[in-house]
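*Asks:* below is the sequence, then the predicted model.
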Amino acid sequence: MSRSARLVRAVAVAAAWGLALPLALAGCDGSGADDAGGGGGGAAGVGDPYFPKAGNGGYDVRHYGLDLAYDPEGRRLSGTARLTARATQALSAFHLDLRGMEVEEVTVGGRAASFDRDGQELTVRPDDHLAKGATFEVVVRYSGHPETITDPDGSEEGWLRTADGVLALGEPTGSMAWFPGNHHPSDKASYDLTVSVPQGLTAVSNGELRSARTTGGRTTYAWHTAEPMASHVATLAIGRYTVTRSSTGDGLPVYVAVDPTQAAASRTTLARLPEVMEWAAYNFGPYPFSSTGAIVDRPRDSLYALETQNRPVFPGPPGVGLLVHELAHQWFGNSVTPRTWRDMWLNEGFATYAEWLWTEDEGGPTAEETFTERYDHGEDTYEDLWEFPPAAPGSAADVSADPVYQRGAMVVHKIRRTVGDDAFYDLVQGWTAAHRHGHADTDDFTAYVEQQAPDKDFEPIWRDWLYGKGRPERP
């Protein structure tokens, strides 16, 4: 995500989320469960330290099959969601996250299941209990007018109306506005999404386009995402787009969709996408997905860029630095996904540092010079730069704030300083390989760094730069 394009923070909103939050995840195994269903219910929320209601315990989703139809004139979405999941505990009931929308029917294993709603929680009670380890399919038929969700920092996500359609963005919790699921980064799955839209509109999502068939005045697009994906980086963009298909030098498919009003201004930057991909793979390791690309909408369609998997979303023509940032997220955040929202700096610190490295390699200021500028004058641009440490945001309103991005990048640079360039790039590529398509938290990262360079002393970096309050003493 691009912090520079976020709305002004709305700290008052964050208070509504409650800050006396648990320090550890309940986990997808359902520990810490509320007792939905009499002793065998999965938890309503995984206990994330900033978004405790996000996700659900007791099961792990393996695959989402979403069959959608959208009516732009009536702004109505109809959907059938088929979730294939594995029970991680015996379940008499389990929860799905779904905000708004009307649920018409739920089945589990092909048999009707009872259900009820409480806020964002859809509680499902199967006809038969599910044994621990059982694989099951839950099908939810639903419809309605998806909501736009206001985040604790004041920005908007979920289902965003655009000039000629809609744009679905999900970080951190917006995906629950348009499909039911286990909406927390700790549960990733593959996806198949089909969506029917009026003829003349294009529907763009993650992964690869399998087919586009028009009949009866409507076109149905089928998208397939084979690699695991967290729901907050799932997207759906519906509108009038100029679509360009190509490939990188090594044959990776590239699918770019641009609002026609933004096409001319975007052309120069987007032409460099294959170059950026090659540069990123050289520095960060093999690209973890089977396609790449971008979605460019109008500047007011959203007010921030987002690293949606395979093809990030941009609000208007991106600069090269922003393109580098969001493509770097394919490694840092999308493939290596944070275990909790507290670990956001592992996404944003590395993606911000990728911008510093790109600038250095392009003949601009070195990363060392950028680090020094941030230390000496960063408060002139980032007023809250020293307000809290990157690994401990103050509240849910702060997980996308400047310290997570800029101080996070400074931590990465301090590691590079400590180990030297050759060892640094080996370390980074080893990290993306070790956690490819998986999850990691800050403790995983610090332990990994120490293991890779056991002769170095990282404690001052962790103490002063990663967790320390205020501006550290001059480095």
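*Replies:* Nice, thanks for sending it over. Predicted model, so just to flag it, every value in this text is computed and none were measured.
*Asks:* so what does whichever strand or helix holds Arg267 touch, helix or strand wise?
*Replies:* According to DSSP states H and E, Arg267 maps onto helix 263-270. Secondary-structure packing of helix 263-270 (3 or more Cβ pairs under 8 Å, 6 or more residues apart in numbering; DSSP states H and E): strand 253-258, strand 292-297, helix 320-328. (C-beta placed from N, C-alpha, C; glycine too.)
*Asks:* show me the strands in the stretch 101-250 of the chain, by range?
*Replies:* Secondary structure of the stretch 101-250 of the chain (DSSP state E, counting those that start in this stretch): strands at 102-108, 111-112, 114-118, 121-125, 135-144, 148-150, 156-161, 166-169, 188-198, 202-205, 208-215, 218-230, 236-239, 242-247.
*Asks:* what's the neighbour count on the residue nearest to Asp116 when sequence neighbours are not counted?
*Replies:* Once flanking residues are discounted, Asp116 sits nearest to Thr123: 5.3 Å by Cβ to Cβ, 6 or more residues apart in numbering. Thr123 is flanked by 21 other residues according to other Cβ atoms under 10 Å.
*Asks:* how about Asp343?
*Replies:* Count around Asp343 with other Cβ under 10 Å applied: 24.
*Asks:* where is the longest helix in this structure?
*Replies:* Assignment by DSSP state H gives helix 345-361 as the longest helix of the chain.
*Asks:* CA atoms only: put it into PDB for me.
*Replies:* Output in PDB follows, covering the C-alpha atoms of helix 345-361 (Å, rounded to 0.1, in the frame of the first residue of the first chain):
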ATOM      1  CA  TRP A 345       6.200  -3.300   8.900                       C
ATOM      2  CA  LEU A 346       7.500  -6.500   7.300                       C
ATOM      3  CA  ASN A 347       5.400  -5.600   4.300                       C
ATOM      4  CA  GLU A 348       5.800  -1.800   4.200                       C
ATOM      5  CA  GLY A 349       9.300  -1.500   5.500                       C
ATOM      6  CA  PHE A 350      10.700  -3.800   2.700                       C
ATOM      7  CA  ALA A 351       8.500  -2.300   0.000                       C
ATOM      8  CA  THR A 352       9.700   1.200   1.000                       C
ATOM      9  CA  TYR A 353      13.300   0.100   1.100                       C
ATOM     10  CA  ALA A 354      12.800  -1.300  -2.400                       C
ATOM     11  CA  GLU A 355      12.100   2.200  -3.500                       C
ATOM     12  CA  TRP A 356      15.300   3.400  -1.900                       C
ATOM     13  CA  LEU A 357      17.300   0.600  -3.600                       C
ATOM     14  CA  TRP A 358      15.700   1.400  -7.000                       C
ATOM     15  CA  THR A 359      16.600   5.000  -6.700                       C
ATOM     16  CA  GLU A 360      20.100   4.100  -5.800                       C
ATOM     17  CA  ASP A 361      20.400   1.800  -8.700                       C
END
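*Asks:* how much does the helix or strand following it deviate in direction from helix 345-361?
*Replies:* Past helix 345-361, further along toward the C-terminus, the next helix or strand under DSSP H and E is helix 367-381. For helix 367-381 against helix 345-361, the angle by axes from the mean of the first three to the mean of the last three Cα atoms, to 10 degrees is 120 degrees.
*Asks:* so how far is the next helix or strand after helix 367-381 off the chain centroid?
*Replies:* As assigned by DSSP H and E, the chain's next helix or strand after helix 367-381 is helix 402. With Cα atoms, centre = their mean, to the nearest Å as the basis, helix 402 stands 18 Å off its chain's centre.
*Asks:* appreciated, that's everything.
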